[in-house]
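Asker: Build me a model:
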Amino acid sequence: MKEKRMAHHSEKTKADIINRLKRIEGQIRGIARMVNEDVYCDDVLNQITSVEAAMNGVRKLLLEAHIRSCVVEQIKEGEYGVIDELMTTIGKMTR
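Answerer: Have a look, this model is predicted:
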């Protein structure tokens with residue numbers, strides 16, 4: 001069985017990510033409400049673009065935190081496979 005890995009982020013980083021995700025969650029509910037209320041498509045599309053930008057911000061924050069903590073820790077422990085894993089993840093993010 002594969003060992004469960006855990007993140008090594010500070011409480012501040014976790015709180016920042018959670019707060020951003022909660023705002024995005026509210027934006028998503030707002031978009032659903034807009035669709036339900038037949039709001040003009042262009043306005044809905046603009047809100048979707050805002051959510052995508054917010055998600056990109058979360059992605060960048062988490063990637064930076066991951067590199068600065070999880071990746072560094074694993075490299076210090078001699079687990080260089082984390083570099084391949086990171087490169088695969090970055091590749092998926094840039095498609």
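
Asker: low-scoring pLDDT stretches of the protein, where are they?
Answerer: Scanning the chain for pLDDT under 70 picks out 1-2.

Asker: which is the next helix or strand following the helix or strand containing Asp42?
Answerer: Following DSSP states H and E, one finds Asp42 within helix 41-65. Next in sequence after helix 41-65, counting helices and strands by DSSP H and E, comes helix 72-76.

Asker: Identify the residues contacting the most centrally placed residue in the chain.
Answerer: With distances taken as CA atoms, centre = their mean, Arg59 lies nearest the centre of the chain, 3.3 Å away. With contacts defined as CB atoms under 8 Å, 6 or more residues apart in numbering, Arg59 is in contact with Met93. C-beta coordinates here come from the backbone N, C-alpha and C atoms, glycine included.

Asker: any idea how far it lies from Glu37?
Answerer: If you measure Arg59 against Glu37 using CB to CB, to the nearest Å, the figure is 30 Å.

Asker: Check Glu77 too.
Answerer: In this view, Glu77 and Glu37 are 53 Å apart by CB to CB.
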